[in-house]
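Asks: One predicted model, sequence on top.
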2 protein chains.
Amino acid sequence: GVLSELRSICGEDNVSVGEAIREQHGRDESVHRCCPPDVVVFPHCVEEVSALAKVCHKHRLPIVPFGTGTGLEGGVSAVKGGVCLSLRKMDQVLDLHQEDFDVTVEPGVTRKALNAYLRDTGLWFPVDPGADASLCGMAATSASGTNAVRYGTMKENVLNLEVVLADGTIIHTAGKGRHPRKTSAGFNLTNLFVGSEGTLGILTKTTLRLYGIPEAIMSAVCSFPTVQAAVDSTVQILQSGVPIARIEFLDDVMIDACNKFSSLSYPVTPTLFLEFHGSERSLQEQVKTTEDITQSNGGSDFQWALDTETRNLLWKARHDAWYAALALRPGCKAYATDVCVPLSRLPQIIVETKQDLIENRVTGPIAGHVGDGNFHCLIVLDPSDPEEVQRVHLFTERLARRALTMAGTCTGEHGGLGKRALLCEEVGHTTMQVMYSLKQMLDPKSLMNPGK
Amino acid sequence: GVLSELRSICGEDNVSVGEAIREQHGRDESVHRCCPPDVVVFPHCVEEVSALAKVCHKHRLPIVPFGTGTGLEGGVSAVKGGVCLSLRKMDQVLDLHQEDFDVTVEPGVTRKALNAYLRDTGLWFPVDPGADASLCGMAATSASGTNAVRYGTMKENVLNLEVVLADGTIIHTAGKGRHPRKTSAGFNLTNLFVGSEGTLGILTKTTLRLYGIPEAIMSAVCSFPTVQAAVDSTVQILQSGVPIARIEFLDDVMIDACNKFSSLSYPVTPTLFLEFHGSERSLQEQVKTTEDITQSNGGSDFQWALDTETRNLLWKARHDAWYAALALRPGCKAYATDVCVPLSRLPQIIVETKQDLIENRVTGPIAGHVGDGNFHCLIVLDPSDPEEVQRVHLFTERLARRALTMAGTCTGEHGGLGKRALLCEEVGHTTMQVMYSLKQMLDPKSLMNPGK
């Protein structure tokens, strides 16, 4: 019955059941248990997505939208089974408006694919969570990453969305084909769906803001005697108004792991990876101000990555931090915490968290988008050791509470499965009720990505 | 009954009926007919606002939140009578976090009051719609203005909101007291209420992003031979990546009106008002690039406004454009259009609109935040002349449709009463349905600012 309905929409070859599914699913190095769906379908266009949603709606089948599966928080795990909509066959770049600095893409287009497509235009899309995620997936998860300090997160860079609701209705949050820079037309539905993690609808197109490729780019590495010195420098650089493009903190354990994993040889101390974007002249000024600050905090001379190749190696090492952490303890699984606090509280929370990691013997190298007050402990643990699992659990609880006490959030960018209990504590009971009502309104049968 | 309930919450002196109301209301130079409410109350705290909302909810009385009444689009007009909540007695600046670049304010705090409060901190709040609006009112209307091209609109600058819902429930969209730079915790309720124009709830606190006051500021005026030349320059300046802080277009009619109203003597031709923010060195570079572009389009040498006083006069003249337009025809009323299109379409739509104004004898000086693709025709008309009213009506319809055809929006920043019919055309039927459902969910009795 259902299967043949699904097949009649997408064609026989685009509906997988059984063994064929396993290939689609999950980073199996994550601690989030990966639940495979019952069926995977590969629609080709929004009309097919809408028709599939209608079938699922009729039969009350859960729907799990699937981009690239690069998220770290179990967002695509089919905890209640159901139908996985893999959107990778919808992979066209549509409507590039070079002069307007925007582009519309289908959900199978990844960040890297878009930037390759843009190569000769002088434009780029800067939001960079590390993995080569799909752009609609990034919108669904409100992704941010290393460039957010300068260019914002997905929230600031999505201009319009095409969304298929749980009942198959197709909407365009800012009106079909519209791409003005600003609008006050009705409620801001665009940002309601950005970050909704597939729980309110399936994103089938996103219109994104683009940026001119900077005239000059310079990356550098700076080592510090202490965590405090590195994070204090970050706060001061931001406060000085330097429009820094990237400022990433790696603690000594993280640097050591990256050195080993990516064959580098940075000093094993708390470190900042920095990147500057601008005109040649403005870079000189940015670098001067930044160096004054790092040196006054005891930072080393900058190790420069000036040519593209060296720069790419540097950022690849940073983006491979997850794998570098995993490699510290082969056979173990990883779990990333994701707290975000106001900038001024960052030195204190990182220093305390580092202490906590050491005292409680948790393997958790720290890497963070410190310019946003956001950092991750990439915890590596043996899931078969109940005592260790418990120690890690208590550590993450303490960390989340530490962030909440400092007026922060337990989830700066990842959202996902691990944090539902803490969300109520963070936003409050009445606000949770409004979120539940929203979910109830847009997905009354609770079929969209259930459990998230 | 109701009156004594309201009085028991706020105190006798803080509930006005009859004559006392008139003083509270409206810019009566706007064409939007101003409907006074039945009662005006002046609560002192969120608990009183919540208690008042509960009384209104019980008795099914419409609620109109009122900040400063400086909006141009009839947003505070009590089209169905009811209770006006004037929030001006809640006027405290709370929780300034200098090192985190954020502050929380009550709804009676205006933009200028906040910046006066911040004077010695080196920080400021840049969003500037011209009028000295209340910051919560600016959040409610998603205000933007002359600085949006550099600093964004309210949408990008509100971190958290305290909202009283129609039934009196108090929520904090990002959690009580929280102010991290980014968060993925739950749905983005903050941006659902930003721009909701008091139709979803009453904003009783807003947490705002602050910025460092730039080291140097320079303003300049540049005259152009044609509208096309001025707008082409705008597009090219933006595309060149100059981080310009303000770029405002005024057509010949607008400049003439401003000259007369503000005792200035700029050439009566299409004109750009420009402002640059940055370090001394970066300004040189920004100005050089900008001058190269304006000169290649036949623009005049810059007339500089370098000292604070001259600069303030310049921007006061721009912000007084509404009054300058009105002064063109004493005794008439004004109405501002508010279309916004993708940047590349701006030259065409302004040229066509200018032609349309002339051909159809509509008095409508053009002033616009052209860096965002947004511009206003400040139409001055005699509301007692039905033929003229009809001509203006047809003109605004054509203008809105022109914007929609060019993938734009009929309301870049003002929202409000005048545009409900066009909204459906702009966003589409299914999207309108979602907006209606949202309204229904949060305000089932349809009491919040009805008719907007």
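Replies: That came through fine. Source: prediction; values computed, not measured.

Asks: which residue is nearest the centroid of chain A?
Replies: By CA atoms, centre = their mean, the mean C-alpha position of chain A lies nearest to residue A:143, the distance being 3.5 Å.

Asks: Can you point out the buried residues in the lengthiest helix in chain A?
Replies: What stands out as the longest helix in chain A, according to DSSP state H, is helix A:386-405. Across helix A:386-405, burial judged by 16 or more other CB atoms under 10 Å in any protein chain shown covers A:388, A:389, A:392, A:395, A:396, A:399, A:400, A:402, A:403, A:404. (Glycine included, C-beta is placed from N, CA and C.)

Asks: tell me what it is packed against?
Replies: Applying 3 or more CB pairs under 8 Å, 6 or more residues apart in numbering or on different chains; DSSP states H and E, we find helix A:386-405 packed against strand A:339-340, helix A:346-359, strand A:374-381, helix A:420-427.

Asks: Redo the buried residues of helix A:386-405 as CSV? Include pLDDT and distance to residue A:334.
Replies: Formatted as CSV, those follow (pLDDT from 0 to 100; distance: CB to CB, whole Å):
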residue, pLDDT, distance to residue A:334
A:388, 95, 13
A:389, 93, 13
A:392, 94, 11
A:395, 96, 14
A:396, 93, 13
A:399, 95, 15
A:400, 91, 18
A:402, 94, 21
A:403, 92, 20
A:404, 91, 24
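
Asks: Do me a favour and get the end-to-end distance for stretch A:173-187?
Replies: 9 Å (CA to CA, to the nearest Å).

Asks: tell me the mean pLDDT for it?
Replies: Averaged across stretch A:173-187, pLDDT comes to 85.

Asks: same thing with stretch A:144-164?
Replies: The pLDDT scores in stretch A:144-164 average 91.

Asks: roughly how far out does that stretch sit from the chain middle?
Replies: 10 Å (CA atoms, centre = their mean, to the nearest Å).

Asks: how about that stretch, does it get close to chain B?
Replies: Yes - counting by CB under 8 Å from any CB of the partner chain, chain B is contacted by stretch A:144-164 at A:144, A:148, A:152, A:153, A:155, A:156.

Asks: got it, and stretch A:182-192?
Replies: Yes - counting by CB under 8 Å from any CB, contacts between stretch A:182-192 and chain B involve A:182, A:183, A:184, A:185, A:186, A:187, A:188, A:189, A:191, A:192.

Asks: Span of that stretch from start to end?
Replies: End to end - CA to CA - stretch A:182-192 spans 16 Å.

Asks: can you tell me how far the closest residue to the residue nearest to the centre of chain A other than its chain neighbours sits from residue A:62?
Replies: Leaving aside its chain neighbours, residue A:143 sits nearest to residue A:129 (4.4 Å; criterion: CB to CB, 6 or more residues apart in numbering or on different chains). In this structure, residue A:129 and residue A:62 are 26 Å apart, going by CB to CB, to the nearest Å.

Asks: now do residue A:127
Replies: From residue A:127 over to residue A:62 the distance is 29 Å, taken as CB to CB.

Asks: And residue A:334, by the same measure?
Replies: Distance of residue A:334 to residue A:62, computed by CB to CB: 27 Å.

Asks: before we move on, back to that, ok, residue A:127 and residue A:62, which is more surrounded?
Replies: Taking other CB atoms under 10 Å in any protein chain shown, residue A:127 and residue A:62 do not tie; residue A:127 has more neighbours (26 against 21).

Asks: wait, doesn't residue A:179 sit right on residue A:161?
Replies: No - between residue A:179 and residue A:161 there is no contact under CB atoms under 8 Å: 11.5 Å.

Asks: which residues are in contact with both of these two?
Replies: residue A:207 (CB atoms under 8 Å, 6 or more residues apart in numbering or on different chains).

Asks: Is residue A:220 bridged to anything, and to what?
Replies: Residue A:220 forms beta bridges with residue A:274, residue A:304, as assigned by DSSP bridges.

Asks: Would you mind measuring from the residue nearest to the centre of chain A to residue B:82?
Replies: When residue A:143 is compared with residue B:82 (using CB to CB), they lie 43 Å apart.

Asks: what's the answer for residue A:104, then?
Replies: 42 Å.

Asks: Contact partners for the nearest residue to residue A:153 once chain neighbours are set aside?
Replies: Of all residues beyond its chain neighbours, the one nearest residue A:153 is residue A:144 (3.7 Å), with distances taken as CB to CB, 6+ apart. Residues near residue A:144 by CB under 8 Å, 6+ apart: A:127, A:129, A:152, A:153, A:154, A:369, A:372, A:374, A:412, A:413, B:182.

Asks: so what pLDDT did residue A:23 get?
Replies: 52.
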